[in-house]
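Asker: here is a sequence with its predicted model. Questions after.
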Amino acid sequence: EQASQYKGVSWNKKKNKWFAHLHLKGQRPKFGGTFQDELDAAKRVNQLCEEMGISLKNLSIYSVRISNVS
């Protein structure tokens, strides 16, 4: 079982992909997509944070727009 080093990223062993998701208190979970690469999933989590106007969850990475969500 794999654990991510990034917040909002988890490994789905059935699909063998990384999932990007946000769980905000009082709101429905926000799904960001599935990714082959853990870093791409973490970037998507940061992108979701930007879209929602909240602080980034993964400050250690540079957030760039992800266009290849599968």
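Answerer: It's in.
Asker: gap between stretch 47-62 and the chain center?
Answerer: Centre-to-centre, stretch 47-62 and its host chain are 9 Å apart (CA atoms, centre = their mean, to the nearest Å).
Asker: got a list of contacts for it?
Answerer: Contact with stretch 47-62 is made by 6-8, 20, 22, 24, 30, 32, 39, 42-43, 45-46, 63, 65-66, as judged by CB atoms under 8 Å, 6 or more residues apart in numbering. Where C-beta positions appear, they are placed from N, C-alpha and C, glycine not excepted.
Asker: and stretch 46-57, end to end?
Answerer: Using CA to CA, to the nearest Å, the end-to-end distance of stretch 46-57 comes out at 6 Å.
Asker: can you give me how far it is from the chain middle?
Answerer: Distance, centroid of stretch 46-57 to centroid of chain: 10 Å (CA atoms, centre = their mean).
Asker: what segments of this protein are strands?
Answerer: Using DSSP state E, the strands of the chain run over 9-12, 17-22, 30-35.
Asker: what lines up beside the first one in the sheet?
Answerer: According to DSSP bridges, strand 9-12 has the following sheet partners: strand 17-22 (antiparallel).
Asker: distance check, K7 against S55.
Answerer: Distance, K7 to S55, by CB to CB, to the nearest Å: 11 Å.
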